[in-house]
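Chemist: Kindly return the folded structure for what I paste below:
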Amino acid sequence: MSVTKSSAASRRDLFRLAAGAACAIAAPSQMARAAQRPEAYSSGEIVENGHRFFGSISRGLAEGLETANRKWGRPNAYILGQEASGAFVGGLRYGEGTMYTRNAGQKRVYWQGPSIGFDAGADGDRTMMLVYNLPEVGSIYRRYAGVNGSAYLVGGLGFTALNNEEVIVMPVRAGLGARLGLNLGYLKFTPDSTWNPF
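Modeler: Below you'll find the predicted structure:
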């Protein structure tokens, strides 16, 4: 009798230990999955970082950000970098920078893309890109096309919205030079530098 009770108790203890070990193994993987999706930034944080990056024209950034946040919520990543572009009917754009997230680290990113349209000129820009609905950091490496050709100017900054499925990338540009006209194109984000815009 005592042997049976003892073996039953041992089995219960073994079961508890096995269940505890399974929970301990499952918990980190669940936490890792939760950490893959970057957390959203507040408008104040984006404007503060934009002010440091662009300087005194952050009022235009705040107004543009307010418009974007009404459409897509709060950004959960942003990119700070620089780019150069030129066009005469057909054009090319190349850039590089660092993508920042609150809880999923930083990534070096490069972007390039072609354009075609009624467009002429050249420019070199400091560029901040706001990223909305990014499911995980590796999802930035895609092609992003214009959303209804939307582009507008607020307080000396130019805003354009690009998307790939649910992910929205909104480049915010301030720089030297001039690009006049309308164009159609896309940006391709890559983990390494390349001259191939396609």
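Chemist: Please make it C-alpha for all contacts and neighbour counts, starting now.
Modeler: Will do.
Chemist: Would you double-check that Val47 falls in a strand?
Modeler: No. Val47 is assigned helix when assessed by DSSP: H, G, I helix; E, B strand; the rest coil, not a strand.
Chemist: Surely it and Ala62 touch.
Modeler: Yes. Val47 is within contact range of Ala62, at 5.9 Å (criterion: CA atoms under 8 Å).
Chemist: can you list the weak-confidence ranges in the protein?
Modeler: 1-35, 55-59, 85-91, 115-124, 147-156, 175-184 (pLDDT under 70).
Chemist: where do the strands sit along it?
Modeler: Remark: strands assigned in the chain by DSSP state E are 77-100, 106-132, 143-154, 157-164, 167-190.
Chemist: Can you spell out which helices and strands pack onto the first one?
Modeler: Here strand 77-100 touches strand 106-132, going by 3 or more CA pairs under 8 Å, 6 or more residues apart in numbering; DSSP states H and E.
Chemist: Okay, and the beta partners of the nearest residue to Met128 once chain neighbours are set aside?
Modeler: Among residues not flanking Met128 along the chain, Leu80 sits closest, at 4.7 Å (CA to CA, 6 or more residues apart in numbering). Beta bridges link Leu80 to Thr98, Met128 when assigned by DSSP bridges.
Chemist: neighbours around Leu80, how many?
Modeler: Using other CA atoms under 10 Å, the number of residues around Leu80 comes to 22.
Chemist: Report the contact partners of it.
Modeler: The contact partners of Leu80, taken as CA atoms under 8 Å, 6 or more residues apart in numbering, are 53, 97-99, 126-129.
Chemist: redo that, cut-off 6 Å
Modeler: 97-98, 128 (CA atoms under 6 Å, 6 or more residues apart in numbering).
Chemist: Just name the closest of these to Pro197, please.
Modeler: Gly97 (16.5 Å; CA to CA).
Chemist: Contact partners for Val131?
Modeler: Residues near Val131 by CA under 6 Å, 6+ apart: 75, 77-78, 168-169.
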